[in-house]
Each structure stands twice: as C-alpha cells, then as structure tokens.
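Asker: need a 3D model of the following:
(one chain, ligands or ions: 1)
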Amino acid sequence: MKPPDTIVCVDCLGTCHLLSYPPEEGFEPGDIVAYRCKDCLDRWDIELAVEDFEDRTEGHGS
Ligand SMILES: [Zn+2]
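Answerer: The predicted model follows:
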C-alpha cells in the first residue's frame, strides 16, 4: 500500500512530488505525507484517506 507518487498542486496545477519516505510497516490511512510542488515549491501535507489505498488497477473488473 502506498500513496500516489505525485499529486496535482491546487495552487498552480503543477506536479507535487512525494517527500515522505514510507515507514517500515508502510503507510496507513490517517498518516500525514508531505508533497513539494516543483513549480511553486509549496509544500502540501496530506492526510491519507482510505480512498487513497484503493486498488487503482485498471482493466480488471474482478
Ligand atoms: Zn504549485
């Protein structure tokens, strides 16, 4: 389980890259992860939600 490597900056719509390293046991919902925008250099602290851990595999409806 891991959060997305990048998110979209809500300020400039640039790409924010994940700063936080995963703990040994992996991320869990409720953990705070930090992202840094490469365009405006703003830092975003995001609390992980359960939805962030949903399987995003495409093409398999199971
Ligand atoms: Zn930005």
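
Asker: the ion contacts on this protein?
Answerer: Cys9, Asp11, Cys12, Gly14, Cys37, Asp39, Cys40 (C-beta under 5 Å from the ion). For every residue, glycine as well, the C-beta is placed using N, CA and C.

Asker: which residues touch the first one?
Answerer: By C-beta atoms under 8 Å, 6 or more residues apart in numbering, Cys9 lies in contact with Thr15, Cys16, Cys37, Asp39, Cys40, Asp42, Trp44.

Asker: ok, back up a step: quick one: which of the residues of the chain next to the ion is nearest Tyr21?
Answerer: Within the residues of the chain next to the ion, the smallest distance to Tyr21 is 18.5 Å, found for Cys37 (C-beta to C-beta).

Asker: so the closest one makes contact with Gly14?
Answerer: Yes: under the criterion of C-beta atoms under 8 Å, Cys37 is in contact with Gly14, at a separation of 5.1 Å.

Asker: for these two, indicate the residue with more neighbours.
Answerer: Cys37 (21 against 16; other C-beta atoms under 10 Å).

Asker: so what's that one up against?
Answerer: If a contact means C-beta under 8 Å, 6+ apart, then Cys37 has Cys9, Asp11, Cys12, Gly14, Thr15, Cys16, Arg43, Trp44 as its contacts.
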